[in-house]
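Engineer: What would the 3D arrangement of this be:
(2 chains)
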Amino acid sequence: MRSIQRRLSLGLLTVLLVVGLLLAQTSLWLFDLGLRSYLETGLRNQAETLLSSLARGPEGVQLDQQRLAPSYQRPLSGSYFRIEAGTQLWRSRSLWDRELLGGAAPGLQAELGDGPQGQLLLVYRAYYRRFGQPLSITVAKDYSPVLASFRRLQYLGLALGLGALVLIFLLQRLTIRRALRPLEQARQQLLQLQQGQRGQLDTQVPQELEPLVGQINHLLTHTAESLTRSRHALGNLGHALKTPLAVLLSLAAREELNAHPELRATLREQLAQIEQRLSRELARARLAGEALPGAQFVCAEELPGLCATLEMIHPRGLQLSWQAPKDLRLPWEREDLLELLGNLLDNACKWAHSQVRLTIARQAAGFVLMVDDDGPGIALASRAAVLERGSRLDEQVAGHGLGLGVVRDMVQVWGGRLKLLDSPLGGLRVSIELSRAVGMPAGLTPASAP
Amino acid sequence: MRLLLVEDHVPLADELLVGLTRQGYAVDWLADGRDALQQGASEPYDLIILDLGLPGKSGLEVLREWRAGGLVTPVLVLTARSSWAERIEGLKTGADDYLAKPFHPEELQLRIQALLRRAHGLANQPQLQVAGWLLDERRQCVSRNGVEVELTAAEFALLRYFMLHPQQLLSKSQLAEHLYDGETERDSNVLEVHVNRLRGKLGREVIETRRGQGYRFTGTPA
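Structural biologist: Prediction:
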């Protein structure tokens, strides 16, 4: 979609151009018409004056040269006449060596006639009857100065019109920008929403935008609520299923089963499978993914709590540290990221000898999360298999935790990349690259802001 | 060691009660959050195992009110809600450890032992070890320099309490409060008998008597 501003500008510009040209041309044409009919009156008067200058002399009809206007005498003066009376013909001296031609119709000729020296002549012809014989009188006036001034007027008009157009265009741009400011504001807010800097759009918007903003806010609230609801329901389901599982696990540990080790082993194995499957599916179902655009994870607020929790769960004097740029906010849902980092760090804590380090850094395309430990690591050859099967990395250490399975699911949902590398601390480094632009619609990227 | 178990799922509570009692803990069991709030604050428990999904009052609220009221007893939270966000919230509310359901009974044992050691300033010890005495909590026996001494359940519970409070003067009533659950009749003569038997097995100087005041575990072998 093109921008509304460009569309409005283009539309207005076209209308202005068409209407302006039409108006200018029409008014010029009307002016020309009026001028010609005014000049026609003058020409008729001249013809009548010429008629009255004809007198009957000793050699028949004569033109009284004394009574002619001086402009007829001056060569190429712009005023011309031609009188035909039977075989007799009078031409004004001003015509010099040119003939005055023109149509035969009486009145003002529609076409401009050619005059001497490229002059364009307004030609008037009248028929009379005098001294018993028919007369035709043609008078002409040079029209080219008028045409020239018309042309000048056109140029001037064009220049003025263009100037006006530019002015109007600029003013209109300003008006539109002003009128569209709430839209731009909403766009900025959507961007902030996407980056997780706000959870709702401002409701102080013009009437036209109110339903849109209201709807978006409603949708956001609704999504957040249904996420909370579904998480709560999942929690209840987990509670309802895991408590009996805990009973069964406890039963499997009873002394009565000491005599039947194979029975106990099978029971435990099956229960472990149920637990693993259940936890993984519940964790997957809890994922908010891209559902909440306003979600964000404030590293400085969340990481200390997470580390404290991990230190509590693994009370063996591990050195747990995290590093992240100051004020870093990750544009993902808080519980999702806590789950991801919690599982990664928990896994690292199980294997580490003394040290676990979390590093979060910005990248060109997004973020990279790295969890290092100084444990035994995973051999290069078995890393691919570990990732592929999502197999339990933590089978040897009892307790909760699904290791990399849940992490892999989450990274997949976010379209990120999970890699197992050698850590500079000596153990395993789990590196997760997440792209910032996931789920962000085109046109909402910060770079496109005008 | 006297524990309070707050769990509303009766079959699980039964299982845990059997297991914990066998490990020499005196356990009181409650299923309702409101009862737990009141009793947890009034009785001198050494550790509280708290389920979060309780009727009456949610476990987190109970915990919050306990901590607000100044209760410092270590609390092990037991819950099926095992997301990290919930664990962090539990910790911020004042939990000392977090065990997700379902769990292996041994895991619970280990965590209770570790938490008790930690609460008595004996952190980072895989086993309870005081003045050369090494207590094997799983097999309920004590050893010194590789020489193992068998213990009865009552002797084990008593010795564990002594070893968690080394060099401290413990009155008979304090010992009774922490070694017997709320329903057992407390008889100071029985306590005396157990102390004497322990002396018989470990040596007279291990437990010192302060007349009219109580006992003190010195750990000095015979």
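Engineer: For chain A, what's the nearest residue on chain B?
Structural biologist: In chain B, the residue that lies nearest chain A is B:W84 (3.2 Å; CB to the nearest CB). C-beta here means a position set from N, CA and C on the backbone, and glycine is covered the same way.
Engineer: which residue packs closest to the closest residue to chain B within the stretch 301-450 of chain A, ignoring adjacent ones?
Structural biologist: Taking CB to the nearest CB, chain B has its nearest neighbour within the stretch 301-450 of chain A at A:G342, 3.2 Å off. For A:G342, ignoring the flanking residues on the chain, the nearest one in space by CB to CB, 6 or more residues apart in numbering or on different chains is B:W84 at 3.2 Å.
Engineer: which residues touch that neighbour?
Structural biologist: A:306, A:309, A:335, A:338-339, A:341-343 (CB atoms under 8 Å, 6 or more residues apart in numbering or on different chains).
Engineer: redo that, cut-off 7 Å
Structural biologist: A:306, A:338-339, A:342 (CB atoms under 7 Å, 6 or more residues apart in numbering or on different chains).
Engineer: With A:C349 instead?
Structural biologist: Taking CB under 7 Å, 6+ apart, one finds A:310, A:314, A:318, A:356 in contact with A:C349.
Engineer: what residue ranges in chain B score low on pLDDT?
Structural biologist: Within chain B, the segments meeting pLDDT under 70 span B:123-124, B:221-222.
Engineer: swap in chain A?
Structural biologist: A:1-2, A:102, A:196, A:289-292, A:294, A:388-403, A:436-450.
Engineer: which strands and helices sit next to the longest helix along it?
Structural biologist: Criterion DSSP state H: the longest helix present in chain A is helix A:4-53. Secondary-structure packing of helix A:4-53 (3 or more CB pairs under 7 Å, 6 or more residues apart in numbering or on different chains; DSSP states H and E): strand A:120-130, strand A:133-142, helix A:144-179.
Engineer: now the shortest one, how far from the chain's geometric center?
Structural biologist: Taking CA atoms, centre = their mean, to the nearest Å, the mean C-alpha location of strand A:133-142 is offset from the chain mean by 69 Å.
Engineer: before we move on, back to that, so can I have a markdown table of the contacts of A:C349 showing neighbour count, distance to chain B and secondary structure?
Structural biologist: Output for the contacts of A:C349, formatted as a markdown table (neighbours: other CB atoms under 10 Å in any protein chain shown; distance: CB to the nearest CB, whole Å; DSSP: H, G, I helix; E, B strand; the rest coil):
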| residue | neighbour count | distance to chain B | secondary structure |
| --- | --- | --- | --- |
| A:L310 | 23 | 9 | helix |
| A:H314 | 19 | 11 | coil |
| A:L318 | 20 | 11 | coil |
| A:V356 | 31 | 15 | strand |
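Engineer: can you redo those residues as JSON lines with distance to A:I432?
Structural biologist: Below are the contacts of A:C349 laid out as JSON lines (distance: CB to CB, whole Å):
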{"residue": "A:L310", "distance to A:I432": "17"}
{"residue": "A:H314", "distance to A:I432": "21"}
{"residue": "A:L318", "distance to A:I432": "21"}
{"residue": "A:V356", "distance to A:I432": "15"}
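Engineer: For the residues you listed, name the two members farthest from one another.
Structural biologist: A:H314 and A:V356 (8.8 Å; CB to CB).
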